[in-house]
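Student: With the input below, show me the fold.
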Amino acid sequence: WFQFIHSKTMDEKNKYTSQYRHTTLGTKLQEILGDYVSDEELSDELVDYMYALFDKCMTEELTKLKNKGSLGGDSKCYNNHMEDWKIEFNKCKMEFDKESLESDNLVIFSTKSTS
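Tutor: Reported below is the predicted structural model:
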């Protein structure tokens, strides 16, 4: 059963991107799986399968979202310090559904949730 699912998922592997592995959830998954591999509790093959499944699930679920937005512009500055982020844009455009907003300057501040 595992081999059937594994081969099917690995065949589909090229269809999905690994960009979500750099999210908080993806980073934690890599950290946890790395610990299991270090402790020799999981094989590299099983970890590859889990990454492929994660990529597939994230891609499929996020494409189901109805309210999608985009932000584009010239990135002026990006700073990260102790889970606080500051991103500055010049000449940016934000689009959400059918609405759009343009700005010469935009500064976004974000911090890690403590809940």
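Student: Can you name the residues that contact E95?
Tutor: E95 makes contacts with G69, S70, L71, L101, as judged by CB atoms under 8 Å, 6 or more residues apart in numbering. Placement of C-beta: from N, CA and C, glycine included.
Student: Tabulate those residues (TSV), appending neighbour count and pLDDT.
Tutor: Below are the contacts of E95 laid out as TSV (neighbours: other CB atoms under 10 Å; pLDDT from 0 to 100):
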residue	neighbour count	pLDDT
G69	11	77
S70	9	80
L71	14	78
L101	11	84
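Student: give me the low-pLDDT residue ranges for the chain?
Tutor: Counting by pLDDT under 70, the low-confidence segments of the chain come to 1-15, 113-115.
Student: now the strands for it?
Tutor: Assigned by DSSP state E, the chain shows strands spanning 69-81, 84-96, 99-111.
Student: The second one pairs with which strands, parallel or anti?
Tutor: Read it as strand 84-96. strand 69-81 (antiparallel), strand 99-111 (antiparallel) (DSSP bridges).
Student: on that earlier part again, out of the strands of the chain, which is closest to L46?
Tutor: Nearest to L46 among those is strand 69-81 (32.3 Å), distances taken as CB to CB.
Student: Which two among the contacts of E95 are spaced furthest apart?
Tutor: S70 and L101, at 11.3 Å, using CB to CB across the contacts of E95.
Student: what's the overlap in contacts for those two?
Tutor: By CB under 8 Å, 6+ apart, the residues touching both S70 and L101 are M94, E95.
Student: partner residues bridging I108?
Tutor: I87.
Student: What distance do you get for it to E95?
Tutor: Counting by CB to CB, to the nearest Å, the separation of I108 from E95 is 15 Å.
Student: now do H81
Tutor: Using CB to CB, we find H81 at a distance of 29 Å from E95.
Student: now the residue positioned nearest the centre of the chain, nearest residue through space, not along the chain?
Tutor: Centroid-nearest residue in the chain, with CA atoms, centre = their mean: Y20, separated by 2.4 Å. Once flanking residues are discounted, Y20 sits nearest to M58: 4.0 Å by CB to CB, 6 or more residues apart in numbering.
Student: Y36 too?
Tutor: L42 (4.1 Å).
Student: Was I right to think the one you found contacts G34?
Tutor: No: counting by CB atoms under 8 Å, G34 is not a contact partner of L42; they are 9.6 Å apart.
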